[in-house]
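Asks: build me a model from this:
(one chain, ligands or ions: 1)
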Amino acid sequence: MKDKKITIVGLGYIGLPTAAVMARAGMEVLGYDLNRRVIDALNRGEIIIEEPGLSELVNEMVSSGRLKGISTLQESDVFIIAVPTPITEDKKADMSYVKSAAEDILPHLKPGNIVVLESTSPPGATEDIIVPILERSGLKIGDEVFVAHSPERVLPGRIIQELVENDRIIGGINPESTEIVKEVYRTFVDGEIYTTDSKTAEMCKLMENTFRDVNIALANELAILSENMGIDAWEVIKFANKHPRVNLHQPGPGVGGHCIAVDPWFVIENHPEGKLIRQARNINDGMPDKVMEKIQELVQSDEAKVAILGATYKPNVDDTRESPVLKLVEKLLQKTRLQVAIHDPHVDREVFPYSGRLYDQIEDAVKDADLIVLGVNHFEYSTLDFGLLGNLMKAKRLYDTRNYLNEKELVENGFQVTILGRGI
Ligand code: SAJ
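Replies: Below is the predicted model:
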């Protein structure tokens with residue numbers, strides 16, 4: 001396998017690290033992307049995304065001659081498709097990048113080739129989208145060209161490590177495809193490689209994230225019920241999780257990111273019978289509204305100032321994609337007359353949609369505020385000086401949507417504290 005020429009189509013957060021890791025394993029790797037900037041940077045040994053360790057690895061692999069950027073596809077032994085599958089307005093997978101990747105590969109296809117779809121896709125995509133396009137080559141797909149789906153499961157920030165260490169699923173369109181694609185991944189994966197068919201592999205990836213989404217929805221529903229019933233949901237979670245087979249998740253202002261908030265829709269896009277999954281999505285998507293209602297209840301004037309701490313989709317990252325806190329901000333601005341100030345030490349002002357409301361100094365954000373809302377439990381917020389911040393505010397009120405801050409210390413500093421999910 002190590003003498004095979006590999007082409008990675010799509011050099012994003014998954015494609016580029018995969019290319020670099022495969023080159024490190026000794027293979028000749030070509031990276032193809034429509035974005036000229038990505039290719040030019042790659043051929044200079046540089047990258048335009050942020051990921052620990054990636055820049056050094058890419059530089060080393062380009063210098064060694066084993067990794068090269070190309071702007072037109074050419075013949076190869078293996079083609080790996082790692083292009084985005086965004087979600088459309090009507091909550092369906094946009095497979096246009098996957099289709100054009102397969103179309104671009106088509107003229108270069110020859111007997112013995114291997115084509116792998118890595119992009120997260122609705123069940124059936126490999127068989128129903130990739131195979132029919134490749135069949136137009138006149139080659140027998142499954143006999144002369146081997147095709148499989150192999151989903152990635154890495155966590156941003158640890159991609160290079162996890163690409164090698166994590167277990168992997170390979171699902172071929174037939175057993176021959178599965179086995180041959182397994183050999184390709186064996187060259188650089190140290191984790192277990194489990195084999196199945198392509199549709200099962202596609203569903204596995206989606207279910208991993210759906211599992212989490214549904215569980216978070218249950219936690220959010222518990223929070224809503226607890227508030228109405230006069231119960232502390234956090235206490236319930238703490239004690240229920242003492243049961244050896246129970247693992248209640250954490251409630252919060254909603255679910256963000258480009259995976260968990262998106263993938264469940266791919267499962268049910270053509271299947272109205274997927275009721276629980278749809279309901280879970282709706283519960284999680286409804287959380288910013290609940291938080292907005294609570295904010296309106298807590299502040300005593302329609303034009304009060306609200307300082308929101310944290311805007312990313314989860315703690316200690318700079319990613320704001322699908323962030324529930326941004327949804328909350330959007331709603332507050334559209335539906336209320338409240339003044340909104342935001343603080344987040346991680347976000348990049350250049351790409352932040354509400355940069356006019358973003359304050360670099362937390363003191364400026366909370367000055368004259370009637371309410372602080374903790375939106376994201378960034379590590380930095382665990383050491384805030386609430387004595388100082390409280391004195392800058394018009395009213396010492398705080399709404400913690402993550403149950404993260406030290407309530408005792410807040411109360412000692414004169415704050416009136418409200419915690420999402422706590423009905424007592
Ligand atoms: N969240 C809660 N309550 C919880 C856990 C999470 O409200 O108890 C929220 C977070 O605040 C965040 C969102 O859910 O807004 C998702 O965060 P996350 O850390 O759970 O997941 P992601 O999206 O960063 O990464 C997931 C991972 N999948 C699983 O854990 C099953 C990762 O392994 C996948 O590679 C990634 O999706 C992906 O690319 O699919």
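
Asks: what sits against Glu60?
Replies: Taking CB atoms under 8 Å, 6 or more residues apart in numbering, we find Glu60 in contact with Arg24. Every residue, glycine included, has its C-beta placed from N, CA and C.

Asks: so what's the closest residue to the ligand within the stretch 51-200 of the chain up against?
Replies: Nearest residue of the stretch 51-200 of the chain to the ligand, counting by CB to the nearest ligand atom: Arg153, 4.6 Å away. For Arg153, the contact set (CB under 8 Å, 6+ apart) comprises 162, 166, 168, 205, 208.

Asks: over to Gly310?
Replies: By CB under 8 Å, 6+ apart, the contact list for Gly310 reads 325, 343-344, 374-378, 381.

Asks: okay, buried residues for the longest helix along the chain please.
Replies: The longest helix of the chain (DSSP state H) is helix 198-229. For helix 198-229, a neighbour-count test (16 or more other CB atoms under 10 Å) marks 198-199, 201-207, 209-210, 212-214, 216-217, 219-224, 226-227 as buried.

Asks: ranges for the helices of the stretch 251-400 of the chain?
Replies: All helices of the stretch 251-400 of the chain, identified by DSSP state H, counting those that start in this stretch, fall at 263-268, 275-298, 324-335, 362-366, 386-392.

Asks: which residues are contacting the third one?
Replies: When you say that, I think you mean helix 324-335. Here helix 324-335 has contacts from 252-256, 284, 287-289, 291-292, 295, 306, 308, 310-313, 320, 338, 340, 342, 353-354, 357, 373, 375-376, using CB under 8 Å, 6+ apart.

Asks: and the ligand, which of the buried residues of helix 198-229 contact it?
Replies: Residues of these in contact with the ligand (CB under 6 Å from any ligand atom): 209, 212, 216.

Asks: please look at the last one and Arg281 and confirm they touch.
Replies: This means Ile216. No - here Ile216 does not reach Arg281: they are 10.4 Å apart, not a contact under CB atoms under 8 Å.

Asks: enumerate the residues of the stretch 251-400 of the chain near the ligand.
Replies: 252, 255-257, 259-260, 313-314.

Asks: tell me which of those is nearest to Pro111?
Replies: Cys259 (36.3 Å; CB to CB).

Asks: OK, contacts around the closest residue in space to the closest one that isn't next to it in sequence?
Replies: Residue nearest to Cys259 in three dimensions, not counting chain neighbours: Asn209, with 5.2 Å by CB to CB, 6 or more residues apart in numbering. Asn209 makes contact with 259-260, 263-264 under the criterion CB under 8 Å, 6+ apart.
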